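Enquirer: from the sequence below, what's the structure:
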Amino acid sequence: MTYDAIIIGAGMSGLAAGIRLAQYDRRVIVVERHNLWGGLNSFYTLGGRRFDVGLHALTNYAPPGTKGVPLTRVLRQLRLKHEDLRLGEQRCSEILLPDLRMTFTNDFEHFRAEVARAFPTEVPGFERLVQAVRDYAIGQDRPADQSARKVLPEFLGDPLLREALLVPITYYCSAREDDCDWHSFVILFRSMFLEGLSRPDGGVRTLLNLLIKRFKQVQGELCMGNGVRRILVDGGAARGVELEDGTLLEAELVLSSAGLTETMQLCGRQDLVRPADVGRITFVESISILDRLPEECGHVAATSFFSTGVPLRYRPPSDGLVDVASGVISSPNNFVSDQPPEEGCMRLTFLADHDRWCALEEDAYREAKAREVERAIATAAQLTFDWRPYTVFQDIFTPRTIRHYTGHVNGAVYGSPHKRHDGSTQVDGVFLCGTDQGYLGVIGALVSGISMANRYALVSA
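Expert: Predicted coordinates for the structure are as follows:
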């Protein structure tokens, strides 16, 4: 079977690329090794309850009709309607550091006032930073970006304020240990603070179902439960793929959302991957279902980004399975919704070591999950509230889970520390979309799929 393009992975970027190509009558197939679409942002049912994977919040919120912003551009290019997303805005979110609590909403003036309250002498520098973020030209062809830790002192003298900005941004995007590249920092600053956070009513399933429905409307082909065994390469150029069941698909254009390292392995060219290109940032996450809503316990933040130490320690732990000194506390209940939930939900995400988790025998693995999550919640409870007495159900995933369902080496959630902003690889006709192309978050993944489709297949469309 011959196609104009083969797309590896039915996550956000892969589906967006597929829709974009099929809208212009390209024959395109999206191939996914699992039986459920979504990739890092998917969903599942357990114990009669529906759970989201990956999605805490949708960044880049914009009200209907807002011009010139990423969300509006994505909806226009995929021909989707804003109202169909059923987005509920955050009530507020917070940044928690020793002796510091700052809140932010989808009104940037609120955060500007918080900075002025907590750091009055930093206001001029913060305003220069905001202007620099607004003026920064985000393009696809960029050299290796500077360290955000090295750039921020040009604007901000107080290290506590620098950490207050780095904690949420690193946790939501960074594949670099103890740092974030400046390009990603700018994107996330805009996405979180200048635009804002929201959540689809019904969770990530709402958005994914819209994408699948649209893909089928434009006659795209979807191959589920049959992943790519290898990318066929001849003379240094892509010729198609071989699927796990032996089926051969022909195409001279392959868009891969599998990640840089993983895509080169599929090409049989893992020798082209440098050790520095292999990411290690991975997490453990617990999802706790409560018999009451978090706001009944005084907790109203949609998302809480915390670090119990300064500076933030953002790397796999050196001496154990997890590092509970920092993380993200998320409550899906604390987004505005037309359908108030009957049960509460608290999600806690914290840093982990992939190799140690994967080395555990099954009994030790189960025991470790329960033990480490208990320890992490005890830490988070000192900052928010202790939800353990109200927990009626809990699920936990680890780096082992992430690697199983995504195929990412090291269970790396954010992929390679070094992004390919133009999507190129060393194999002609093979291009990256998604995490390792460099756009961030759910909306960023959609932008990535669209931009790579536009650039490499729809140049004249």
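Enquirer: count of neighbours near Lys213?
Expert: Applying other Cβ atoms under 10 Å, we find 11 residues neighbouring Lys213. To be clear about C-beta, it is placed using only N, CA and C from the backbone, and glycine gets the same treatment.
Enquirer: quick check on it: phi, psi?
Expert: phi -60, psi -40 (degrees, to the nearest 10).
Enquirer: and it, what pLDDT?
Expert: At Lys213, the model reports a pLDDT of 97.
Enquirer: how close does it sit to Trp37?
Expert: With distances taken as Cβ to Cβ, to the nearest Å, Lys213 is found 12 Å from Trp37.
Enquirer: now Gly11
Expert: Applying Cβ to Cβ, the value for Gly11 to Trp37 is 7 Å.
Enquirer: who's more crowded, these two?
Expert: Shown here are Gly11 and Trp37; by other Cβ under 10 Å, Gly11 has more neighbours (30 against 23).
Enquirer: verify the stated contact: that one with Gly434.
Expert: Yes. Gly11 is within contact range of Gly434, at 6.3 Å (criterion: Cβ atoms under 8 Å).
Enquirer: quick check: neighbours shared by the two?
Expert: Gly39, Ser257, Ala445 (Cβ atoms under 8 Å, 6 or more residues apart in numbering).
Enquirer: between those, identify the one with the most neighbours.
Expert: That'd be Ser257 among the shared contacts of Gly11 and Gly434, by other Cβ under 10 Å, with 33 neighbours.
Enquirer: residues contacting it?
Expert: 7-9, 11, 13-14, 39, 432-435, 445, 449.
Enquirer: same deal with Ile289?
Expert: Contacts of Ile289 (Cβ under 8 Å, 6+ apart): Arg49, Glu343, Gly344, Cys345, Thr391, Val392, Phe393, Gln394.
Enquirer: please repeat the previous calculation with a cut-off of 10 Å.
Expert: Neighbour list for Ile289: 47, 49, 51, 341, 343-346, 387, 390-395 [criterion: Cβ atoms under 10 Å, 6 or more residues apart in numbering].
Enquirer: over to Ala457?
Expert: Asp4, Ala5, Ala17, Arg20, Leu21, Tyr24, Arg26, Val28, Leu253, Leu255, Phe431.
Enquirer: closest to Asp145 out of the residues you listed?
Expert: Phe431 (20.0 Å; Cβ to Cβ).
Enquirer: could you confirm that closest one falls within a helix?
Expert: No. Looking at Phe431 with DSSP: H, G, I helix; E, B strand; the rest coil, it is strand, so not inside a helix.
Enquirer: near it, how many other residues are there?
Expert: 25.
Enquirer: check it and give its pLDDT.
Expert: 98.
Enquirer: picking up where we left off before, columns distance to Gln270 and secondary structure on top of the contacts of Ser257, output as a markdown table?
Expert: Formatted as a markdown table, the contacts of Ser257 follow (distance: Cβ to Cβ, whole Å; DSSP: H, G, I helix; E, B strand; the rest coil):
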| residue | distance to Gln270 | secondary structure |
| --- | --- | --- |
| Ile7 | 21 | strand |
| Ile8 | 16 | strand |
| Gly9 | 18 | coil |
| Gly11 | 22 | strand |
| Ser13 | 22 | helix |
| Gly14 | 22 | helix |
| Gly39 | 21 | coil |
| Leu432 | 15 | strand |
| Cys433 | 20 | coil |
| Gly434 | 19 | coil |
| Thr435 | 18 | helix |
| Ala445 | 24 | helix |
| Gly449 | 25 | helix |
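Enquirer: so Arg214 is in which element?
Expert: Element membership for Arg214 (DSSP states H and E) is helix 204-217.
Enquirer: hey, C-alpha coordinates of whichever helix or strand comes after that helix in PDB?
Expert: Using DSSP H and E, the helix or strand that follows helix 204-217 in sequence is strand 221-224. Taking Å, rounded to 0.1, in the frame of the first residue of the first chain, the C-alpha atoms of strand 221-224 are listed here in PDB:
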ATOM      1  CA  GLU A 221      -6.700   6.000   7.800                       C
ATOM      2  CA  LEU A 222      -6.000   4.800  11.300                       C
ATOM      3  CA  CYS A 223      -4.100   1.600  12.100                       C
ATOM      4  CA  MET A 224      -4.300   0.700  15.800                       C
END
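Enquirer: what does the next helix or strand after strand 221-224 rub up against?
Expert: Once strand 221-224 ends, the next helix or strand along the chain (criterion: DSSP H and E) is strand 228-234. With contact meaning Cβ under 10 Å, 6+ apart, strand 228-234 is reached by 6, 8-9, 31-33, 238-251, 254, 256, 258, 262-269, 407, 425, 427-430.
Enquirer: ok now whatever helix or strand Ile450 lives in, how far from the chain's centre?
Expert: For Ile450, the enclosing helix or strand under DSSP H and E is helix 441-457. Between the centre of helix 441-457 and the centre of its chain there are 14 Å (Cα atoms, centre = their mean, to the nearest Å).
Enquirer: check stretch 202-214 too.
Expert: 16 Å.
Enquirer: just the buried residues of it, please?
Expert: If you call a residue buried by 16 or more other Cβ atoms under 10 Å, then stretch 202-214 has these buried ones: Gly202, Gly203, Val204, Arg205, Thr206, Leu207, Leu208, Leu210, Leu211, Ile212, Arg214.
Enquirer: restrict it to CA atoms and write it as CSV.
Expert: Extracted in CSV, the C-alpha atoms of stretch 202-214 (Å, rounded to 0.1, in the frame of the first residue of the first chain):
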residue,chain,number,x,y,z
GLY,A,202,-14.8,15.4,30.3
GLY,A,203,-11.1,15.6,30.4
VAL,A,204,-8.6,14.7,27.6
ARG,A,205,-11.1,12.3,26.1
THR,A,206,-13.2,15.3,24.9
LEU,A,207,-10.4,16.6,22.8
LEU,A,208,-9.2,13.3,21.5
ASN,A,209,-12.6,12.3,20.4
LEU,A,210,-12.9,15.5,18.5
LEU,A,211,-9.6,14.8,16.7
ILE,A,212,-10.5,11.2,15.9
LYS,A,213,-13.9,12.3,14.6
ARG,A,214,-12.3,15.0,12.4
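Enquirer: tell me the confidence at Pro143?
Expert: So, for Pro143, pLDDT stands at 52.
Enquirer: so where is the stretch 301-450 of the chain shaky, pLDDT-wise?
Expert: For the stretch 301-450 of the chain, applying pLDDT under 70 flags no range at all.
Enquirer: swap the cut-off to 90 and go again
Expert: The model of the stretch 301-450 of the chain has pLDDT under 90 over residues 337-342, 405-407, 438-441.
Enquirer: what ranges does it have for its strands?
Expert: Per DSSP state E, counting those that start in this stretch, the stretch 301-450 of the chain carries strands over the ranges 303-307, 322-330, 344-352, 391-397, 430-432.
Enquirer: and the contacts of the last one?
Expert: In this structure, residues lying in contact with strand 430-432 by Cβ under 10 Å, 6+ apart are 5-6, 8, 13, 17, 231, 233, 237-238, 252-260, 263-264, 266-267, 269, 415-416, 419-425, 437-438, 448, 452-453, 455-457.
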